[in-house]
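Asks: here you go, sequence then predicted model.
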Amino acid sequence: MAPPFAKRVGDAQPSDIRRMSARCQQVGGINLSQGVCDQPAPDAVKAAAKQAIDEDRAIYTHLAGLAQLREAIARKMSLFNGITADPETEIVVTVGSAGALYCVAVALLEPGDEVVLFSPFYNYYTDTLRLFDVSCRFVDTSPPDWRYKSEELEAAFSPRTKMVIVNTPCNPSGKVFGEDELTEIARLAKRHNAWIVTDEVYEYITYGSPHLSIGRFPDAAGRTITLSGASKTYAVTGWRVGYAVGPAELIHRVGVVGDRVYICAPSALQYGVAAGMELPAAYYSEMATDYRRKRDLLVETLRSIGWTPHVPEGAFYLIADFGERYPDGTTAADRILEQVGVATVPAASFYRNPSLGRTQLRFCFAKKLSDLEEACARLRRLKT
């Protein structure tokens, strides 16, 4: 008999995102299930990384990351996010924003703590939190605008609340939190002396609703950790370079935890990301315009086959309702992949109450335009 596994892992299985991506690869389909950003990275980003490799910049970096990258992040945080951060003490480079979240959780959470989450949510949050034996208190958001109810948010906080997680723009819904919502979240976090962790990795991808960082609001000062990274902005999801910005004492601990877990983010790739952060403003506006075009193409396609797409305000995901055409999302995703070779994700896995997403699928439109056009042509064959 084999020795026992740790109880914290339980019967852990790959997410529906991973499952559908693997099945899509097996059948040679078009993957609209995983946010892989299947398009070219900017030339400047690639060139800087190549140069770093050619120059053998392959040794460990400082545990907080390359100084020039942290300085670039500090400039960006000031200009774009409205947050002043000391690159020496208040910024740490991590192995992706997911790595940042893990290190923050190690540094902050104890068994029995409670974390407030908005549903639907990116399920890596809940999967990570389960490892720390904490409880999640959920606040529902509903289409089409994905707003929460103030009374439900207030009820989610308790004397055991240690953290609230905000994701804006949001995966999977595409919600962009407004100033009134962020101000209210910050006020409640201050009242309950809770940390705010805000995942803003899609911050440059919005479609009219401006991105706002909760860390800029007075009630959030000194209690907010802003997470972001290069994956989505520069289409380098496999590079795994992210960062966390927050109070110096916490950032120091996050850096120490990261050193214990993975030593440092890939050194040569940090040079590439630093170069990316010097790109002109036009790069970011053109990227958002490109994603808007792709969003609109997918929305039109889904409407043409009788589905109800909930049009996102940001990020590059879309939740669409198929009504009663299929028994549930798992059946729908499997049949669509079999019939037309397009992979999607059952949306139920993103909800506190899976029944709320029973008739929904999540689509990712971060694809080369030619691939997305082919995917849409295939989806149109589902028209009844």
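Replies: That came in fine, so what should we check first? The structure presented is a predicted model; accordingly, all values stated were derived computationally and were not measured. Residues are numbered from 1 along each chain as shown.
Asks: which ones are touching Cys264?
Replies: By Cβ atoms under 8 Å, 6 or more residues apart in numbering, Cys264 lies in contact with Tyr60, Thr61, His62, Leu63, Gly65, Val93, Gly258. To be clear about C-beta, it is placed using only N, CA and C from the backbone, and glycine gets the same treatment.
Asks: what distance do you get for Ala220 to Pro247?
Replies: 11 Å (Cβ to Cβ, to the nearest Å).
Asks: which of the two has more neighbours?
Replies: Each of Ala220 and Pro247 has its neighbours counted (other Cβ atoms under 10 Å); Ala220 has more, 24 against 17.
Asks: was I right about the more buried one contacting Ala186?
Replies: Yes. Between Ala220 and Ala186 there is a contact under Cβ atoms under 8 Å: 4.0 Å.
Asks: mutual contacts of those two, please.
Replies: Ile196, Ile214.
Asks: could you check which helix or strand contains Thr331?
Replies: helix 329-340 (DSSP states H and E).
Asks: which other residues reach that helix?
Replies: 16, 20, 23-24, 27, 29, 33, 322, 325-326, 342-348, 357-361, 378-379, 381-382.
Asks: try 10 Å
Replies: Here helix 329-340 makes contact (Cβ atoms under 10 Å, 6 or more residues apart in numbering) with 16, 19-20, 23-24, 26-27, 29-33, 321-322, 325-327, 342-349, 354, 357-362, 375, 377-382.
Asks: with stretch 279-292 instead?
Replies: Against stretch 279-292 from outside (Cβ under 10 Å, 6+ apart): 39, 42, 44-45, 79-80, 202-208, 232-235, 276, 312, 314-316, 365-366, 369.
Asks: go with 7 Å
Replies: Contact with stretch 279-292 is made by Pro42, Ala44, Tyr204, Ile205, Thr206, Tyr207, Phe316, as judged by Cβ atoms under 7 Å, 6 or more residues apart in numbering.
Asks: list the buried residues in that stretch.
Replies: Buried positions in stretch 279-292, judged by neighbour count with 16 or more other Cβ atoms under 10 Å: Tyr283, Met287, Ala288, Tyr291.
Asks: just the residues you listed now: which is nearest Leu131?
Replies: Tyr291 (32.5 Å; Cβ to Cβ).
Asks: could you check the distance from the closest one over to Phe365?
Replies: For Tyr291 relative to Phe365 (Cβ to Cβ), the value is 7 Å.
Asks: if I've got this straight, Phe363 is in a strand?
Replies: Yes. According to DSSP: H, G, I helix; E, B strand; the rest coil, Phe363 belongs to a strand.
Asks: going forward, count from 59.
Replies: Got it, the first residue is 59 from now on, which makes the last one we talked about Phe421.
Asks: which among the contacts of Cys322 end up buried?
Replies: Applying 16+ other Cβ under 10 Å to the contacts of Cys322 flags Thr119, Leu121, Gly123, Val151, Gly316 as buried.
Asks: so the fourth one makes contact with Leu121?
Replies: No. Val151 is beyond contact range of Leu121, at 9.0 Å (criterion: Cβ atoms under 7 Å).
Asks: so where do the strands sit in the stretch 109-258 of the chain?
Replies: Secondary structure of the stretch 109-258 of the chain by DSSP state E, counting those that start in this stretch: the strands cover 149-152, 172-177, 193-198, 219-225, 253-257.
Asks: reformat those as CSV; add mean pLDDT and distance to Phe235.
Replies: Shown next, in CSV, are these (pLDDT from 0 to 100; distance: least, Cβ to Cβ, whole Å):
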stretch, mean pLDDT, distance to Phe235
strand 149-152, 98, 23
strand 172-177, 98, 9
strand 193-198, 98, 12
strand 219-225, 98, 6
strand 253-257, 98, 9
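Asks: so after the top helix by length along the chain, what's the next helix or strand?
Replies: The residue-count maximum for a helix in the chain (DSSP state H) belongs to helix 339-362. Next along the chain after helix 339-362, taking DSSP H and E as the criterion, comes strand 366-368.
Asks: what is the following helix or strand past that following strand packed up against?
Replies: Per DSSP H and E, the first helix or strand lying C-terminal to strand 366-368 is strand 375-379. Helices and strands touching strand 375-379, by 3 or more Cβ pairs under 7 Å, 6 or more residues apart in numbering; DSSP states H and E, are helix 339-362, strand 366-368, strand 418-422.
Asks: among these, which comes closest to Pro201?
Replies: It's strand 366-368; of the helices and strands packed on strand 375-379, that one is closest to Pro201 (Cβ to Cβ) at 4.1 Å.
Asks: list the contacts of stretch 150-162.
Replies: Contacts of stretch 150-162 (Cβ under 7 Å, 6+ apart): 122-124, 127-128, 182, 186, 255, 257, 259, 283, 285-287, 289, 298-302, 309, 312-313, 315-316, 319-320, 323, 328.
Asks: if you set the cut-off to 8 Å instead, what comes out?
Replies: The contact list for stretch 150-162 (Cβ under 8 Å, 6+ apart) reads 119, 121-124, 127-128, 131, 182-183, 186, 255, 257, 259, 283, 285-287, 289, 298-302, 308-309, 312-313, 315-316, 319-320, 322-324, 328.
Asks: how far does it sit from its chain's centre?
Replies: Centroid displacement of stretch 150-162 relative to its chain, using Cα atoms, centre = their mean, to the nearest Å, is 12 Å.
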